[in-house]
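In: after the sequence you'll find the predicted model.
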Amino acid sequence: MLISALAFIIVARLLGPSSYGLYVVALAIAGVFGALSDFGVGQSFNKFIAEYHIRKEKRKIEELLSDGLTVLVIISAALTILAFLLSGLAAHYVGGGTQTVVAIEVASLLVFLTMVFSAMYHALAGFGMGKDIAIVTFSQVGVQGGVSVLLAFLGFGALAPLLGFEAGNTLGILLSLAVIYSKNHLSFRRPSVERIRKLLGFALPLAGSNLMVSFTYYVPPVVLGIFAATAVVGNFGVAMRLNNFIGVATESISMAILPMFSAVVSIRALRRKLSSTYNNVMYIIFILLAPALAYIAVLAKQISFILVGATYSLAPMYLGIMSAFLIFGIFGYYTSLLLIGAGKVKSVFAYNTIIALVQVISIIALIPTLKGIGAVLALFVINPLATAAIFVYGVRKLLKIRTNLIALLKVVVATAISMLFLVPVLLLLQNMYELTLLVSAAVIILVYPAVLAYMKLLSKKEVDTLRGVTADIPLISKAVILLTSYASFFIR
């Protein structure tokens, strides 16, 4: 994550708001074409490989990988070609010239690379190969960052981060395939039409669900590019990127959660523990992420100005709003994983369709008039709130599980109380941005565990669960061990 952050900072500063805005628009248009994500194949890999791996059914794993990759390569290649052929038309609608056309043409290859890499990442998670995920991610991010920075220095403009992205994903795919097949001693088997039909029976609803989620994620930057200057899009894109750094942690955690839910559902003796498992996981997620998101929201100005400079003048406001409401989106996403683990993929698709409709209405209503702030409200306020509400309703209706919202609310209150300790820091240090961030981080690390323990929100049980959930996640696990050891001093 450090490499990615450094590369992003350098590239954003070298490109400036306008060129970075062009990159965001081109990436978003490619994202629209790749809105099917990995066509549900990745989540199928994650769920079924975990189940087959537990039962030691090697042949089924080989067949699943062969069938899934065959489907994915064909679909992603077709979408890539379509994106390339329609690049001129897409550039026309966002008011761009030749430079925009070229950027979209280059970005079109990302449709194929991103879809395949996403599926391979999920496959690694299904095997529980946490260390290998870290190695693949480090290599992918390192190459992406290095190529992006080098090309930005050479004057490639908006093409620099696009080409870097493609180089990193290519390496990630090759490494993932090598690791999965060599370490698990697997062979590629001839795809079967019958097996592919069964796979698609599970994956297609997920593909539709991914379409709803991804489409509404990538459409706002494209619409914003139509109604606002590329500099505004650049500010919006920078704020999104800054906010997404915490997504590395949430994505890593989600890779562990889906196999966990799938295992609990598939093993009959554990099914009665599904409700407690779900609520415990949600509770731990809130304890982990609430202070990090609140820290970003409160210190958005300092973070933005230090990292990308004052030229991105709108980014702090965007970032603050995004981070404040992101916890609801994360909560909704993890709740949807429970339904996927239980095999309720058609319901997940239906719920994401409703969320997408809400998103589309908010995009149409807000972006043309409010520009950047309208995109922020549509994507990072209305969407996460709708996601959380609908999936909480879903697990209650379909699985008869009541979400312990009171416990989660108490964690939010504890986080808010901890943030109040930053007021003196902000008043005393004011424009000393770097020192403000360091002191504020130290204050939260010292205060937050104590507040949790004082409010009786953290016990030995939660400490053990916290360590267990993050055990296979490099860096995060070590930080959690240190923080929980410190918190144990306050637990009575």
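Out: Happy to help now that I have it. Numbers count the residues shown, from 1 in each chain.

In: rest of the way, CA atoms for contacts and neighbours
Out: Noted.

In: what ranges do the strands span in the stretch 101-250 of the chain?
Out: Defined through DSSP state E, counting those that start in this stretch, the strands belonging to the stretch 101-250 of the chain form an empty list.

In: quick one, helices of it?
Out: Taking DSSP state H, counting those that start in this stretch as the test, the helices found in the stretch 101-250 of the chain are 130-153, 159-183, 193-227, 230-244, 247-266.

In: dump the ones you listed to a markdown table, plus distance to Val106.
Out: Shown next, in a markdown table, are these (distance: least, CA to CA, whole Å):
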| stretch | distance to Val106 |
| --- | --- |
| helix 130-153 | 14 |
| helix 159-183 | 7 |
| helix 193-227 | 17 |
| helix 230-244 | 18 |
| helix 247-266 | 25 |
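
In: among the ones you listed, which is nearest Lys460?
Out: helix 247-266 (20.8 Å; CA to CA).

In: now do the closest one, average pLDDT.
Out: Mean pLDDT, computed over helix 247-266, is 52.

In: which of the residues in stretch 338-358 are buried?
Out: Within stretch 338-358, the residues that qualify as buried by neighbour count (16 or more other CA atoms under 10 Å) are 338-349, 351-356, 358.

In: low-scoring pLDDT stretches of the stretch 1-150 of the chain, where are they?
Out: Where the stretch 1-150 of the chain drops to pLDDT under 70, the residues are 1, 36-38.

In: rewinding a little: in helices, which of the buried residues of stretch 338-358 appear?
Out: 338-341, 345-349, 351-356, 358 (DSSP state H).

In: what two of those have the greatest distance between them?
Out: Within those, Gly341 and Val358 form the most distant pair, 25.2 Å apart (CA to CA).

In: how about the helices of the stretch 101-250 of the chain, which one is nearest Lys301?
Out: Distances from Lys301 to each of the helices of the stretch 101-250 of the chain were compared using CA to CA; the shortest belongs to helix 230-244, at 10.6 Å.

In: what is the closest one packed up against?
Out: helix 2-33, helix 193-227, helix 315-341, helix 345-377 (3 or more CA pairs under 8 Å, 6 or more residues apart in numbering; DSSP states H and E).

In: dump these to CSV, plus distance to Phe245.
Out: Converted to CSV, these look like this (distance: least, CA to CA, whole Å):
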stretch, distance to Phe245
helix 2-33, 8
helix 193-227, 16
helix 315-341, 11
helix 345-377, 17
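
In: out of those helices, which gets the lowest mean score?
Out: helix 193-227 (a mean of 82).

In: next one: that helix to chain centre, how far?
Out: In terms of CA atoms, centre = their mean, to the nearest Å, the gap separating the centre of helix 193-227 from the centre of its chain is 15 Å.

In: what's the burial count for Ala35?
Out: Around Ala35 sit 27 other residues, with neighbours defined as other CA atoms under 10 Å.

In: so what's it up against?
Out: Contact criterion CA atoms under 8 Å, 6 or more residues apart in numbering gives Asn210, Leu211, Met212, Val213, Ser214, Phe215, Tyr218 as the residues in contact with Ala35.

In: does the third one really touch Thr353, like I thought?
Out: Yes: when contacts are counted by CA atoms under 8 Å, Met212 is listed as touching Thr353 (5.8 Å).

In: now stretch 430-447: buried residues?
Out: Under the neighbour-count rule (16+ other CA under 10 Å), stretch 430-447 has Tyr433, Thr436, Leu437, Ser440, Ala441, Val443, Ile444, Ile445, Val447 buried.

In: dump it to PDB, keeping only the CA atoms.
Out: Once side chains and other backbone atoms are set aside, the C-alpha atoms of stretch 430-447 remain, and they are given as PDB (Å, rounded to 0.1, in the frame of the first residue of the first chain):
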ATOM      1  CA  GLN A 430      -3.400  24.500  12.900                       C
ATOM      2  CA  ASN A 431      -1.300  24.900   9.700                       C
ATOM      3  CA  MET A 432       1.400  22.500  10.800                       C
ATOM      4  CA  TYR A 433      -0.100  19.700   8.700                       C
ATOM      5  CA  GLU A 434       2.500  17.000   9.100                       C
ATOM      6  CA  LEU A 435       2.800  17.300  12.800                       C
ATOM      7  CA  THR A 436      -1.000  17.500  13.100                       C
ATOM      8  CA  LEU A 437      -1.300  14.100  11.400                       C
ATOM      9  CA  LEU A 438       1.400  12.400  13.500                       C
ATOM     10  CA  VAL A 439       0.100  13.800  16.800                       C
ATOM     11  CA  SER A 440      -3.500  13.000  15.900                       C
ATOM     12  CA  ALA A 441      -2.600   9.400  15.000                       C
ATOM     13  CA  ALA A 442      -0.800   9.000  18.300                       C
ATOM     14  CA  VAL A 443      -3.700  10.400  20.300                       C
ATOM     15  CA  ILE A 444      -6.200   8.100  18.600                       C
ATOM     16  CA  ILE A 445      -4.000   5.000  19.100                       C
ATOM     17  CA  LEU A 446      -3.700   5.800  22.800                       C
ATOM     18  CA  VAL A 447      -7.300   7.000  23.400                       C
END
